[in-house]
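>>> Dropping a prediction and its sequence here:
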Amino acid sequence: MKASQVFETLANAGIQAEAISLRDQNYALFDRAWLAQIFAPALAQFFQNLGDATYVGESNDCDDFADGAAFYARYLHHIAGRADATSPAFGTFTYMQASGEGHCLNCLIVSGADGVELIFFEPQTGQFVALTSAESAGCTEARI
């Protein structure tokens, strides 16, 4: 997937152009089933192995978990020898929650039966989450 297509997918989800930061020209799409069945448990083990699985405000908080998950996804993509793209379409997403508090989790683009889809992953729980349209529009940074 080209960067322009990633940008379009994010923009179509209501994310403002100034909040979108793309760092590569070509992206690979992960499979949602692989993310749920393989990646999420492996990520939890990765955090455990680092001794980094406990939330600590400001020093090991939501952005640290999201950055760690984005790194681990890129690392797994790299060691798998994927030559079809420079990076997976997996990044961090900082936004205002409906509660008014800021939060950071992971955003990723996957391919599905209906084409490509923007989904969200909470690295602290290993679960996919749904954001409201207001939360998507409240994005302050989507970095992929």
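Yep, it's here. All figures in this text were calculated on a predicted structure; none of them were measured in a lab.
>>> doesn't T9 make contact with I20?
No: assessed by Cβ atoms under 8 Å, I20 is found out of contact with T9, at 10.0 Å. C-beta coordinates here come from the backbone N, C-alpha and C atoms, glycine included.
>>> Would you mind listing the buried residues in the helix or strand encompassing C104?
Following DSSP states H and E, one finds C104 within strand 102-112. The neighbour-count check on strand 102-112 (16 or more other Cβ atoms under 10 Å) flags H103, C104, L105, N106, C107, L108, I109, V110 as buried.
>>> Kindly format the C-alpha coordinates of that strand as CSV.
Only the C-alpha atoms of strand 102-112 are listed here, as CSV (Å, rounded to 0.1, in the frame of the first residue of the first chain):
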residue,chain,number,x,y,z
GLY,A,102,-5.7,12.1,26.4
HIS,A,103,-4.7,8.6,25.4
CYS,A,104,-2.3,6.8,23.1
LEU,A,105,-2.8,3.4,21.5
ASN,A,106,-2.0,1.7,18.2
CYS,A,107,-3.6,2.3,14.8
LEU,A,108,-3.2,0.0,11.9
ILE,A,109,-4.6,-0.7,8.5
VAL,A,110,-5.5,-4.2,7.7
SER,A,111,-7.0,-5.8,4.6
GLY,A,112,-10.3,-7.6,4.9
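>>> Who are the packing partners of the helix or strand following it?
Later in the chain than strand 102-112, the nearest helix or strand by DSSP H and E is strand 115-122. For strand 115-122, the packing partners by 3 or more Cβ pairs under 8 Å, 6 or more residues apart in numbering; DSSP states H and E come out as helix 3-12, strand 102-112, strand 127-129.
>>> neighbouring contacts of strand 115-122?
1, 5, 9-10, 13, 29, 32, 35, 40, 69, 93, 105-111, 127-131 (Cβ atoms under 8 Å, 6 or more residues apart in numbering).
>>> Now it: average pLDDT?
Averaging pLDDT along strand 115-122 gives 94.
>>> Also stretch 131-143?
pLDDT averaged over stretch 131-143 gives 94.
>>> Now it: buried residues?
So stretch 131-143, judged by 16+ other Cβ under 10 Å, has buried residues L131, E135, S136, G138, C139, E141, A142, R143.
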